[in-house]
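Asks: Give me a model of this one.
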Amino acid sequence: MGSRPATLRHCRKQAILPPDPVPGEAVADPYGEPQAVKKMALLRGLTAVFAAGALGALVGQSLAAQASATTTIPSQLDLAHNTPSGNYLAARTANVDRDAATAAAYYTAALKADPKNPELLELAFYAHLASGEVDDAVKLAERLLAIDKTNRNARLILGVHALKNKNYPAARSQLNQAGRDPIANLTATLLSAWSSYGAGDAKGALDTVDKLGGPDWFGVFKDLHGGLIADLSGAKKDAQKRFERAYKVDQTALRIVQSYGSYTARNGAKPDALKIFQDFDKTLPRHPLITQAIAQINRGEKVPQIVDSAQAGAAEVLYGLGAALGRREEELSLANRGLAYLQLAIYLDPNHTLAILSLADLYEAMKKPDLAITAYQRLPADSVLKRNADIQMAIDLDALDKTEEARKHLQALIDQRPDDIEAIMALGNIERERKQYPECARTYGRGADAIPNPTRGNWTLFYFRGICFERDKQWSKAEADLKKALELYPDQPHVLNYLGYSWVDQGQNLDEGVRMIKRSVEQRPDDGYIVDSLGWAWFRLGKYDDAVKQLERAVELKPVDPTINDHLGDAYWRVGRTLEAKFQWSHARDLKPEDDELKKIEAKIQNGLPDAAPPPPTADADKAKRPNDGG
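Replies: Residues are numbered from 1 along each chain as shown. Sure thing, here's the model as predicted:
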């Protein structure tokens with residue numbers, strides 16, 4: 001068959017952050033969300049944040065992100081036998097491998113030979129911070145400031161450390177010297193405000209928030225944290241005013257909705273609070289934290305505020321910015337402000353579930369599933385997000401090729417709750433990606449059986465089961481499921497592509513199949529797989545010139561896909577471009593196609609294609625394109 005993708009996974013989009021912000025460049029959409037839970041259709045309430053150019057990096061050094069859970073970190077006794085230059089080079093190698101814990105160990109050993117070397121101090125400082133060893137980073141920050149009193153990152157960490165220890169005057173003193181670029185200024189100012197609140201000066205805290213100047217998008221942060229401070233200090237009218245302003249900016253921002261809804265529920269307007277939460281649920285259904293809040297209101301229970309102390313408020317600042325910044329960097333390394341902020345948020349509030357989930361997601365983006373699992377295991381057992389973390393842990397186990405362990409893990413969750421569609425989908429997806437097609441069809445079937453009245457949101461269940469049936473050569477069942485997916489979600493481009501391609505490839509329903517593929521391409525013109533489907537449809541219909549045009553475009557979009565390159569080779573052969581055809585086939589062979597396809601490709605390289613059979617008849621394929629027919 002062709003190159004129809006078996007999943008809907010999107011590649012992680014990364015955007016490089018320069019060491020310093022670009023003056024005057026705008027930063028958009030002011031509150032972010034952990035992607036780890038977004039993958040499970042859960043924590044979708046925070047808006048993506050910040051254009052890449054305006055952010056800057058916390059450290060400006062290209063260091064590794066984290067040590068894997070299986071890495072054996074050398075002891076300082078072991079490292080004492082190395083030369084200082086050997087320790088330094090080993091640390092740099094660990095950085096390249098995104099192994100921050102090992103890098104920290106080697107940098108620390110190198111420092112013993114040159115304890116006042118500012119470069120080594122800074123590198124060791126960042127490595128310890130990125131690996132979550134904040135207390136060690138604090139000690140190094142103190143040494144850094146003894147050499148360079150202008151080091152703003154060291155000031156920030158010392159300010160957070162003082163805030164954690166309720167030394168609020170020291171915290172404000174350090175934080176007042178930690179701002180520089182817009183993000184650092186926003187962070188330091190909001191943390192300083194929470195320090196003032198912790199010291200009992202709520203008015204001073206709000207004055208600090210209100211005096212913060214910066215881009216327009218600062219406003220939502222100011223209103224949210226000003227509202228939280230006012231709410232905790234009993235300034236009800238001020239809190240309401242600030243929450244309302246933030247809510248008007250973004251009614252799908254999870255933390256804004258939680259804060260405003262909680263305030264409203266606790267101040268005698270439970271119907272209004274229910275509406276706030278229910279409106280969110282209509283847009284982003286089944287979020288566990290929102291579901292929990294609705295249940296609390298219905299039971300007459302108090303809906304707690306999202307923070308209850310200066311430390312929790314400061315952790316919320318660092319979480320919100322860290323979640324937004326973390327995955328915006330091209331270099332997912334120690335030079336990642338989001339990683340540092342998330343570690344500091346957890347340092348201040350070890351049970352901050354959203355910060356833990358965001359950290360796990362960042363590890364996944366760094367391709368460190370073992371560290372992600374370790375992070376998920378830190379989630380409190382009583383958190384309503386624990387089950388979703390357990391599901392994601394199974395996905396990470398599969399990424400570590402511990403597929404059987406992942407399956408058992410998910411099966412245990414499903415046995416506990418047989419109607420848990422998220423767990424069922426996760427298990428089915430693992431089986432499908434592992435090409436266990438009979439198994440994944442049965443698993444998705446359990447999900448279908450658990451939904452007596454499927455809605456639009458369930459289309460992927462039938463789409464994926466249709467794929468499993470098709471790959472298991474049960475076409476009639478596959479066709480029924482693909483049609484069901486389209487019934488639930490008409491015009492869905494992936495389903496249009498898959499069903500249309502299947503029909504054309506089998507010589508069935510050619511006119512309708514081509515129309516579906518065209519419509520899919522209209523919606524996804526830059527999807528190489530879908531463009532390939534249209535090219536292959538023209539090939540199957542004998543329109544080889546049209547096929548070449550589309551398949552060349554598909555190869556541009558997906559240059560390393562063996563099937564698309566193979567298709568282009570076939571099309572070149574049919575239009576007489578035999579040398580180019582053999583080149584494309586050779587390229588497809590080198591891209592490691594599946595074994596059965598490899599044999600066919602090697603035969604074509606040796607012998608070319610046999611003479612073309614007459615194209616299948618189609619009533620409309622040669623007619624002029626009609627309006628709205630996908631042409």
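
Asks: now stretch 536-546: how far from the chain's centre is it?
Replies: Relative to its chain's centre, stretch 536-546 lies at 38 Å (C-alpha atoms, centre = their mean, to the nearest Å).

Asks: Give me the distance between the two termini of that stretch.
Replies: Using C-alpha to C-alpha, to the nearest Å, the end-to-end distance of stretch 536-546 comes out at 9 Å.

Asks: Hmm, Met425 is touching Leu461, no?
Replies: Yes: the pair Met425 / Leu461 is scored as a contact, 6.8 Å apart, by C-beta atoms under 8 Å. The C-beta positions use only the backbone N, C-alpha and C, and glycine is treated the same way.

Asks: and those two? which has more neighbours close in?
Replies: Neighbours around Met425 and Leu461, counted as other C-beta atoms under 10 Å, are more numerous at Leu461. The numbers are 25 against 21.

Asks: Just say helix, strand or coil for the more buried one.
Replies: The local conformation at Leu461, judged by DSSP: H, G, I helix; E, B strand; the rest coil, is helix.

Asks: my read: it touches Arg446, true?
Replies: No: using C-beta under 8 Å, Leu461 makes no contact with Arg446, being 10.0 Å away.

Asks: list the residues that contact both of these two?
Replies: Residues touching both Leu461 and Arg446 by C-beta atoms under 8 Å, 6 or more residues apart in numbering: none at all.

Asks: which strands and helices sit next to the helix or strand that contains Asn87?
Replies: Element membership for Asn87 (DSSP states H and E) is helix 84-96. Counting contacts by 3 or more C-beta pairs under 8 Å, 6 or more residues apart in numbering; DSSP states H and E, helix 84-96 is packed against helix 100-113, helix 118-130.

Asks: wait, which of those is closest to Pro490?
Replies: Ranking the helices and strands packed on helix 84-96 by proximity to Pro490 (C-beta to C-beta) places helix 118-130 first, at 46.9 Å.

Asks: buried residues in the closest one?
Replies: Within helix 118-130, the residues scored as buried using 16 or more other C-beta atoms under 10 Å are Leu120, Leu121, Glu122, Leu123, Ala124, Phe125, Tyr126, Ala127, His128, Leu129, Ala130.

Asks: outside of the next helix or strand after it, which residues touch it?
Replies: Sequence order places helix 134-147 as the next helix or strand after helix 118-130, per DSSP H and E. Contact partners of helix 134-147, identified using C-beta under 8 Å, 6+ apart, comprise 104, 115-116, 118, 121-122, 124-126, 128-129, 151, 153-155, 157-158, 160-161, 343-344, 347.

Asks: distance between whichever helix or strand comes after helix 134-147 and the chain's centre?
Replies: The first helix or strand that comes after helix 134-147 along the chain, using DSSP H and E, is helix 152-164. Relative to the mean C-alpha coordinate of its chain, helix 152-164 is positioned 28 Å out (C-alpha atoms, centre = their mean).

Asks: Alpha carbons only: can I get helix 152-164 in CSV?
Replies: In CSV, the C-alpha atoms belonging to helix 152-164 read as follows (Å, rounded to 0.1, in the frame of the first residue of the first chain):
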residue,chain,number,x,y,z
ARG,A,152,21.6,38.0,37.4
ASN,A,153,20.9,34.3,37.1
ALA,A,154,22.8,33.7,40.4
ARG,A,155,20.7,36.5,41.9
LEU,A,156,17.5,34.9,40.8
ILE,A,157,18.4,31.5,42.3
LEU,A,158,19.4,33.1,45.6
GLY,A,159,16.2,35.0,45.6
VAL,A,160,14.2,31.9,45.1
HIS,A,161,16.2,30.1,47.8
ALA,A,162,15.6,33.0,50.3
LEU,A,163,11.9,33.0,49.5
LYS,A,164,11.6,29.3,50.1
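
Asks: what angle do that helix and helix 134-147 make?
Replies: For helix 152-164 against helix 134-147, the angle by axes from the mean of the first three to the mean of the last three C-alpha atoms, to 10 degrees is 130 degrees.

Asks: Next, format the helices and strands packed on helix 84-96 as TSV and append mean pLDDT.
Replies: Formatted as TSV, the helices and strands packed on helix 84-96 follow (pLDDT from 0 to 100):
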stretch	mean pLDDT
helix 100-113	90
helix 118-130	92
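
Asks: Leu232: which of those is closest?
Replies: Across those (criterion: C-beta to C-beta), the nearest stretch is helix 118-130, sitting at 28.6 Å.

Asks: just to revisit the earlier point, would you turn the helices and strands packed on helix 84-96 into TSV with distance to Lys302?
Replies: Shown next, in TSV, are those (distance: least, C-beta to C-beta, whole Å):
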stretch	distance to Lys302
helix 100-113	41
helix 118-130	37
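
Asks: quick one: which of those is nearest Arg255?
Replies: Closest to Arg255 of the helices and strands packed on helix 84-96, according to C-beta to C-beta: helix 118-130, at 24.3 Å.

Asks: Just name whatever secondary elements that closest one is in contact with.
Replies: Using 3+ C-beta pairs under 8 Å, 6+ apart, helix 118-130 is in contact with helix 84-96, helix 100-113, helix 134-147, helix 152-164, helix 337-348.

Asks: out of the ones you listed, deepest packed?
Replies: Most buried of the helices and strands packed on helix 118-130, by mean neighbour count (mean count of other C-beta atoms under 10 Å): helix 337-348, with a mean of 27.

Asks: tell me the angle of that helix relative to helix 134-147?
Replies: Using the same axes, to 10 degrees: helix 337-348 against helix 134-147 is 110 degrees.

Asks: Give the other helices and strands that the next helix or strand after helix 337-348 contacts.
Replies: Remark: after helix 337-348, the chain's next helix or strand is helix 353-365, criterion DSSP H and E. Counting contacts by 3+ C-beta pairs under 8 Å, 6+ apart, helix 353-365 is packed against helix 35-38, helix 310-326, helix 337-348, helix 369-376, helix 386-399.

Asks: and helix 353-365, average pLDDT?
Replies: Summarised as a single mean, pLDDT over helix 353-365 is 94.

Asks: quick one: it to chain centroid distance?
Replies: What separates the centre of helix 353-365 from the centre of its chain is 9 Å, taken as C-alpha atoms, centre = their mean.

Asks: That helix vs helix 337-348, what angle?
Replies: Using the same axes, to 10 degrees: helix 353-365 against helix 337-348 is 140 degrees.

Asks: Which parts of the stretch 401-550 of the chain are strands?
Replies: Per DSSP state E, counting those that start in this stretch, the stretch 401-550 of the chain carries no strands over any range.

Asks: for it, what spans make up the helices?
Replies: Secondary structure of the stretch 401-550 of the chain by DSSP state H, counting those that start in this stretch: the helices cover 403-416, 421-433, 437-449, 459-471, 475-488, 493-506, 510-523, 528-540, 544-557.

Asks: would you list those in JSON lines and tack on distance to Ala193 and mean pLDDT?
Replies: Compiled in JSON lines, the helices of the stretch 401-550 of the chain are given as follows (distance: least, C-beta to C-beta, whole Å; pLDDT from 0 to 100):
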{"stretch": "helix 403-416", "distance to Ala193": "41", "mean pLDDT": "96"}
{"stretch": "helix 421-433", "distance to Ala193": "38", "mean pLDDT": "97"}
{"stretch": "helix 437-449", "distance to Ala193": "47", "mean pLDDT": "97"}
{"stretch": "helix 459-471", "distance to Ala193": "44", "mean pLDDT": "97"}
{"stretch": "helix 475-488", "distance to Ala193": "48", "mean pLDDT": "98"}
{"stretch": "helix 493-506", "distance to Ala193": "47", "mean pLDDT": "94"}
{"stretch": "helix 510-523", "distance to Ala193": "46", "mean pLDDT": "96"}
{"stretch": "helix 528-540", "distance to Ala193": "49", "mean pLDDT": "95"}
{"stretch": "helix 544-557", "distance to Ala193": "48", "mean pLDDT": "97"}
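
Asks: With that, I have no additional questions.
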